[in-house]
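Chemist: Build the 3D model from these lines:
(one chain, ligands or ions: 1)
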Amino acid sequence: MAWALTPLTEEQRSIQAVARDFAATELAPFTEVWDRDSYFDPAIIGKLGELGFLGMMIPEQYDGLGVDTLTYLVALEEIATVDASIAVTLSVHNSLPTQMLLKWGTEAQKERFLKPMARGELLGAFALSEPDAGSDAASLTTQAVRDGGDWILNGTKAWVSSGTKGEVILAMARTDSPDDRRGARGISAFIVTPDLPGFTVGKKEDKMGLRASPTVQLHFSDMRVPGDRLLGQVGSGFIYAMQSLDNGRLGIAAQAVGIAEAALRHAAAYAAERKQFGKPIKEFQAIQFKLADMASRVAASRALLHAAATAKDRGEHITQFSSMAKLLASETAMWVTTQAVQIFGGYGYVKDYPVERLFRDAKVTEIYEGTSEIQRIVIARELYSR
Ligand SMILES: Cc1cc2nc3c(=O)[nH]c(=O)nc-3n(C[C@H](O)[C@H](O)[C@H](O)COP(=O)(O)OP(=O)(O)OC[C@H]3O[C@@H](n4cnc5c(N)ncnc54)[C@H](O)[C@@H]3O)c2cc1C
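Modeler: So this is what the prediction gives:
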């Protein structure tokens, strides 16, 4: 049912098949119970690491798989089709902290952090948001102050995906002083690890969906960060975070396409089985039209995502393209899962069938890595920037 809108190479098809098989054998039997128990299984990360899926876009020189963006996203969609929580764990790791280290890390930082992350031995997280700084992330208040060769960090980061298991956290903090605020230019990026004195994991969020992906607050209390943990230049951390989110949004779009594809498949299968008024409900034109619109929107979202991925691999500026892909795919996921629940009727509203979980999982794709409103702001702003 999934159309190959962008012709895939043999290598891309084979990595896609590996991801599909892994999802069917290692994830599908557990997705429902992990969702119910809000359980994150670290063993899965080790297994995905063995397949190279924790270093997909990292060059082989740094122990990664070295594949292009399209290959990564095709594999990610397969994982998301079965388990959106594992997909976001992969997406954050592959799109944000590892890419930041690859682009702006020193050779010593790559040796110490990037290589084990690419091998799947260390899981990455990304800590930009704070309790009072979400869409307006540049207003964050976590403060970093120099102390000899070290930095002392104080503040609270919010909504950190994989925060309980994250072993390498790229955290953004202010390095400007309270009497000389420099806005986005006053923010730097630090490589934080849970062993640092003053680091604690705070509240774990009890979420509507993505329940097998732990989302937590992190508290930094006089946390001493060695000087060699600064990433790149002082004052460039916000720019690094924004540039990385261009990658991240493609990952979230792939996650959303996977969720939507799964909802479409379940709804089509159920419509063929469920009989009312003496015939399968797929015989009713109202149901056919819903399925047709669902399939068309999934195909359009996937096509835009693949076009954005190939533009990135050609080295083009993809800020607008990536926001468009994320906006269309996430709103498609929410709409398609809503239609799927409708096609299931009452059975869509209970946990006996997967569309209830898919509906809950879809919602967050319209929220994180920039809400739909923020994506529209980015897309409109880019119309005038060139
Ligand atoms: C499950 C989950 C996982 C997450 N993982 C991470 C993570 O790993 N790392 C991380 O740093 N963050 C993470 N986040 C945080 C996420 O990126 C933020 O929730 C998101 O950016 C929105 O911020 P907010 O929740 O503070 O909402 P707010 O910014 O308070 O927005 C509230 C509403 O106002 C709207 N709004 C705000 N500003 C404008 C405007 N200028 N114009 C129009 N509308 C506007 C928003 O679109 C939204 O509808 C995660 C969030 C969730 C829910």
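
Chemist: Please work out which residue of the stretch 1-150 of the chain is closest to the ligand.
Modeler: The nearest approach of the stretch 1-150 of the chain to the ligand comes at G134, 1.8 Å away (CB to the nearest ligand atom). From N, CA and C alone the C-beta is placed, and that goes for glycine too.

Chemist: how about that residue, what does it touch?
Modeler: For G134, the contacting residues are 158-159, by CB atoms under 8 Å, 6 or more residues apart in numbering.

Chemist: and what of the one 5 residues further on?
Modeler: Shown here is S139, whose contacts under the criterion CB under 8 Å, 6+ apart are 132-133.

Chemist: Can you read off the backbone torsions of it?
Modeler: The phi/psi pair for S139 (degrees, to the nearest 10) reads phi -90, psi 10.

Chemist: Model confidence score at it, please.
Modeler: pLDDT for S139: 97.

Chemist: residues from the stretch 101-250 of the chain in reach of the ligand?
Modeler: 126-129, 134-135, 159-161, 207, 210, 215 (CB under 6 Å from any ligand atom).

Chemist: can you do 5 Å?
Modeler: Residues of the stretch 101-250 of the chain found near the ligand (CB under 5 Å from any ligand atom) are 126, 128-129, 134-135, 159-161, 215.

Chemist: burial count for R181?
Modeler: R181 has 10 neighbours, counted by other CB atoms under 10 Å.

Chemist: swap in E283?
Modeler: For E283, the neighbour count with other CB under 10 Å is 14.

Chemist: Might you report the residue contacts of it?
Modeler: Counting by CB under 8 Å, 6+ apart, E283 has no contacts.

Chemist: what about it, distance to the ligand?
Modeler: Here the criterion is CB to the nearest ligand atom, to the nearest Å. By it, E283 lies 39 Å from the ligand.

Chemist: re earlier: ok, the residues of the stretch 101-250 of the chain next to the ligand vs E382, which is closest?
Modeler: Comparing those against E382 with CB to CB places S135 closest, at 17.0 Å.

Chemist: Quick one: neighbours of the closest residue to the closest one other than its chain neighbours, just the number.
Modeler: Excluding the flanking residues, the one nearest S135 by CB to CB, 6 or more residues apart in numbering is I374, at 5.3 Å. Neighbour count for I374, taken as other CB under 10 Å: 18.

Chemist: cool, and P59?
Modeler: Applying other CB under 10 Å, we find 13 residues neighbouring P59.

Chemist: Which secondary structure state is assigned to the closest residue to it other than its chain neighbours?
Modeler: Of all residues not flanking P59 in the chain, G66 sits nearest, at 4.8 Å (CB to CB, 6+ apart). Classification of G66 using DSSP: H, G, I helix; E, B strand; the rest coil returns coil.

Chemist: did I read that right, S188 in a strand?
Modeler: Yes - assessed with three-state DSSP, S188 lies in a strand.

Chemist: follow-up on the earlier one: show the pLDDT at the residue of the stretch 1-150 of the chain closest to the ligand.
Modeler: Taking G134 on its own, its pLDDT is 98.

Chemist: Could you check which helix or strand contains the residue nearest to S135?
Modeler: helix 372-383 (DSSP states H and E).
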